[in-house]
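Participant: let me see the structure of the following:
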Amino acid sequence: MCPIRVYWHVMRNYDGYWRVKLTVTNYKFGTNYSDWNVLVQHPGFKMSPSTYSFNSTLLPSLGFEGDKVALFWGIGHYNSELPQAKLNQEGYVTTEILLGKDVKSFTLRNGWAFPQKVSFNGENCVMPLPDDFPILPSSSFIWKPNTYHLLLLLTVVFGSS
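Facilitator: Next up, the predicted model:
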C-alpha cells in the first residue's frame, strides 16, 4: 500500500510534444519523506523528457517491453523533502514534464497517456489496467445555429433599437 498518491495530468497536447504535470502527494500524517524518489514506467519516455522542478534520469528498461523507465527525485534544499500531511492541508511536490511525440506510436487512447507502473521509495504502487482508464469521447458537440436562432438574434439586435 503506497502512502502517497501520484497524480499524472496531461496538461497540453501539442503537435511535436506534450506537457504533463506530475504531483506526488503525501497522505501520511506525522511522516516526512526526505530524499524521496518516484520510478515511473511510460512509453513516452522514449523521446528524452525534460523535467523542470525535479531531478530525473532515464534508466535501462530491462524486463519492460519497450517502455522506458524514469527515476524522479527532489532537488536539494528545494523539494528534496516530501512534507507530511497536516490537518486540512496535503503535503506535496510537483513538476512539469515535456515529452516529445513519436507520431507513429503516440495516442491518447486506452490509457496510453498514463504510466504503466509507479514505485515510490522502492514500494510498488498499484496502477489500474489501461482498459480501466476513462476513454475520451470520439467526437465533440458542435453547435450549429438554425434559422430560428438567427431570427431570434436579429429580433434582439434590431428590436432594441
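
Participant: so P115 sits in a strand?
Facilitator: No. Counting by DSSP: H, G, I helix; E, B strand; the rest coil, P115 falls outside a strand, being coil.

Participant: just the helices in the protein please.
Facilitator: If you assign secondary structure with DSSP state H, the helices in the chain sit at 147-159.

Participant: what's the burial count for D102?
Facilitator: D102 has 11 neighbours, counted by other Cβ atoms under 10 Å. No exception for glycine: its C-beta is placed from N, CA and C like everyone else's.

Participant: with adjacent residues omitted, what lies nearest to it?
Facilitator: For D102, ignoring the flanking residues on the chain, the nearest one in space by Cβ to Cβ, 6 or more residues apart in numbering is M47 at 6.0 Å.

Participant: list the contacts for that neighbour?
Facilitator: When contacts are counted by Cβ atoms under 8 Å, 6 or more residues apart in numbering, M47 touches 17, 99-102.

Participant: if we go to 7 Å?
Facilitator: Applying Cβ atoms under 7 Å, 6 or more residues apart in numbering, we find M47 in contact with 99-102.

Participant: quick one, what contacts V10?
Facilitator: Shown here is V10, whose contacts under the criterion Cβ under 7 Å, 6+ apart are 18, 20, 113.

Participant: please name the bridge partners of it.
Facilitator: Going by DSSP bridges, V10 is paired in beta bridges with V20.

Participant: what about it, distance to R19?
Facilitator: When Cβ to Cβ, to the nearest Å is the yardstick, V10 and R19 sit 8 Å from each other.

Participant: can you report how many residues neighbour I4?
Facilitator: Here the count is done by other Cβ under 10 Å, and I4 has 23 residues near it.

Participant: oh sorry, the question was meant for E123
Facilitator: Neighbour count for E123, taken as other Cβ under 10 Å: 12.

Participant: report the beta-bridge partners for it.
Facilitator: Beta-bridge partners for E123, by DSSP bridges, are F120.

Participant: ok, S56 next?
Facilitator: Under the criterion DSSP bridges, S56 forms beta bridges with F72.
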